[in-house]
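Enquirer: what's the 3D shape of this:
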Amino acid sequence: MMGLLVFREKLRSFYGKYDAYLIPLIKFALSLSAFYLLNSNVGYMEKLKNPALLMVLALVCSFMPYGVISFLAGLILLAHISSVSLEMALILAALLVMLAILYYGFQPGDSYLLLLTPIFFQLRIPYAIPLLVGLSGGLGSAIPVSCGVFLFYIIQYVKQNAGVLTNDGSIDILQKYVQIIKNMMSNRMMMVMIAACVAGILVVYLIHLLSVDYAWHIAIVSGALVQLVVIFVSDFMFDVSVPVVELLVGSLVSMALAAVYNFMIFAVDYSRTEYLQFQDDDYYYYVKAVPKITVSAPDVKVQKISSAKKKR
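Expert: Residues are numbered from 1 along each chain as shown. As a prediction, this is how the structure comes out:
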């Protein structure tokens with residue numbers, strides 16, 4: 001345990017010392033992952049599949065705000081889809097504008113969640129997002145997470161129906177628009193996952209604020225269980241099937257990631273909890289003080305002792 005605490009302090013010190021270089025590196029990795037996700041699922045425009053171009057775009061994004069990165073990813077998505085179906089691209093553009101109004105009108109500042117959520121879904125660990133967001137964000141963060149879930153399933157819809165979208169046939173243009181919107185909005189799995197993510201964020205956020213011992217640990221377990229309950233109930237009510245093994249493994253991995261985050265951010269020693277009581281003219285105050293677990297990284301100094309020079 002002491003070794004892990006020392007490693008954590010070294011990691012914090014390293015980040016604090018080199019954050020000016022690490023933050024652009026993180027943005028570069030996040031941008032490249034998002035662009036790769038788009039190309040691997042809806043990479044229909046060959047010009048945008050050039051690895052050199054993606055590296056240059058990711059390098060530019062490493063010095064941009066997360067909002068700009070999300071905007072650029074949206075443009076790439078529209079460009080790919082326009083190669084398949086112009087109607088679908090127009091509908092998606094309108095939906096993205098609505099999402100932008102909803103997002104920036106109510107919860108600006110968490111643009112990275114628009115990128116992270118589809119990436120975590122692609123990695124088959126979507127249940128980690130509600131746990132991490134509930135521990136670190138607020139209830140308003142459910143909006144960008146929900147938008148990220150929506151974008152992921154739109155990408156999956158285009159991927160699975162590319163042949164249908166490219167086949168114009170003799171279908172009336174208005175009928176085609178109505179059919180596309182109906183198919184996208186009737187995706188039960190998307191609605192279930194949005195509900196599971198929102199419920200997970202709500203439970204984790206509320207429980208981790210409690211003053212009980214091990215509140216963060218309880219919040220992680222409760223958030224994971226709530227998501228499982230929402231998905232299992234939806235399976236019976238709406239006939240939404242999720243592979244059980246994938247669901248359980250994804251939940252366990254998500255809980256492990258949340259536990260690592262908890263250790264890095266909120267490691268406290270409940271055995272040394274103190275309770276304080278004092279008052280002023282208007283109030284009585286009851287305070288519970290839980291000390292953080294902090295250790296000093298060992299400062300190892302190596303002193304080189306050179307042998308005496310030989311006399312000539």
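Enquirer: which residues touch Phe266?
Expert: By Cβ atoms under 8 Å, 6 or more residues apart in numbering, the residues touching Phe266 are 135, 216. All C-beta spots, glycine's among them, are computed from the backbone N, C-alpha and C.
Enquirer: what are the phi and psi values for it?
Expert: Note on Phe266: backbone dihedrals following degrees, to the nearest 10 are phi -130, psi 60.
Enquirer: now do Gly43
Expert: Dihedral angles (degrees, to the nearest 10) for Gly43: phi -80, psi 70.
Enquirer: excluding covalently adjacent residues, which one is nearest to it?
Expert: Lys49 (4.9 Å; Cβ to Cβ, 6 or more residues apart in numbering).
Enquirer: got it, and Leu115?
Expert: Nearest to Leu115 is Ala34, by Cβ to Cβ, 6+ apart, at 4.7 Å.
Enquirer: do I have it right that that neighbour meets Leu75?
Expert: No: Ala34 lies out of contact with Leu75 (Cβ atoms under 8 Å); the separation is 11.9 Å.
Enquirer: quick one, which of the two is more surrounded?
Expert: Set Ala34 next to Leu75 and count neighbours by other Cβ atoms under 10 Å: Ala34 wins out with 24 against 13.
Enquirer: that one and Met237, how far apart?
Expert: Taking Cβ to Cβ, to the nearest Å as the measure, Ala34 falls 33 Å from Met237.
Enquirer: got phi/psi on Arg124?
Expert: Main-chain torsions, Arg124, degrees, to the nearest 10: phi 70, psi 20.
Enquirer: check Met45 too.
Expert: Phi and psi for Met45, reported as degrees, to the nearest 10, are phi -100, psi 110.
Enquirer: burial check on it, number of neighbours?
Expert: 15.
Enquirer: so for the closest residue to it other than its chain neighbours, what's the pLDDT?
Expert: Nearest non-adjacent residue to Met45, counting by Cβ to Cβ, 6+ apart: Ser83, 4.6 Å away. Listed pLDDT for Ser83 reads 84.
Enquirer: what's around Ser83, how many residues?
Expert: The local packing of Ser83 (other Cβ under 10 Å) involves 17 other residues.
Enquirer: what helix or strand is it on?
Expert: For Ser83, the host element (DSSP states H and E) is helix 66-84.
Enquirer: so the closest residue to Gly67 other than its chain neighbours versus Ile69, what's the distance?
Expert: Of all residues beyond its chain neighbours, the one nearest Gly67 is Ser111 (4.3 Å), with distances taken as Cβ to Cβ, 6+ apart. Plainly put, Ser111 is 7 Å away from Ile69 if you go by Cβ to Cβ.
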